[in-house]
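Asker: This is a predicted model, with the sequence first.
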Amino acid sequence: MTPVEQLEARFPYMFGRHTVSMEYYDGWLPIFAQACEQIDAVLGEDKRDFHWVQVKEKFGTGRFYFRMGKSARLVVDLIGGPGGHAVIKESTEAGHSIADRIDAIVDGAEARTGTTCMVCGAAARTRSYNGYYLTVCAAHAPAERDNRQI
């Protein structure tokens, strides 16, 4: 069984419903798995119809989108000029302690992907490589000749 299959078997309620896409990166899988464990602990016996809708990379870091009951988390990324990256987030159910805790877990996991190599899990930083943002360590960074800013 692959690590992803093990995770899905451990938390079946989080997976198996309608999804947009699920893209896993080896280096970030432990971060995502830890978020699943923490969310499961917060939910306790009442799983509140929680499930992942999309797991992906965006602008070099992980994005973990979920639904909880009829509520969904809204995240909008904006990119402009050098270093001009802004993220606008709307909480799942603002003011609801469980939703606030889950939002904080997901925020923390996404932030950790910005300092963890998506390939191997080593320390890394997010950079632009030929116009694409990647968070990779020196061993997995594209060759310098391919690292031109657009």
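Answerer: The structure has been received and is ready for your questions.

Asker: What is the end-to-end distance of stretch 113-120?
Answerer: 12 Å (C-alpha to C-alpha, to the nearest Å).

Asker: try stretch 2-16
Answerer: 16 Å.

Asker: contacting residues around that stretch?
Answerer: Contacts to stretch 2-16, defined as C-beta atoms under 8 Å, 6 or more residues apart in numbering, come from residues 1, 22, 24, 29, 32-33, 36, 39-40, 47, 50-52. The way it works is simple: take the backbone N, C-alpha and C, and place the C-beta from them, glycine included.

Asker: Determine the three-state secondary structure at Gln38.
Answerer: At Gln38 the chain is in helix, as set by DSSP: H, G, I helix; E, B strand; the rest coil.

Asker: residues touching the spatially closest residue to it that is not a sequence neighbour, list them.
Answerer: Nearest residue to Gln38, sequence neighbours excluded (C-beta to C-beta, 6 or more residues apart in numbering): Ile105, at 4.8 Å. When contacts are counted by C-beta under 8 Å, 6+ apart, Ile105 touches Ala35, Gln38, Ile39, Val42.
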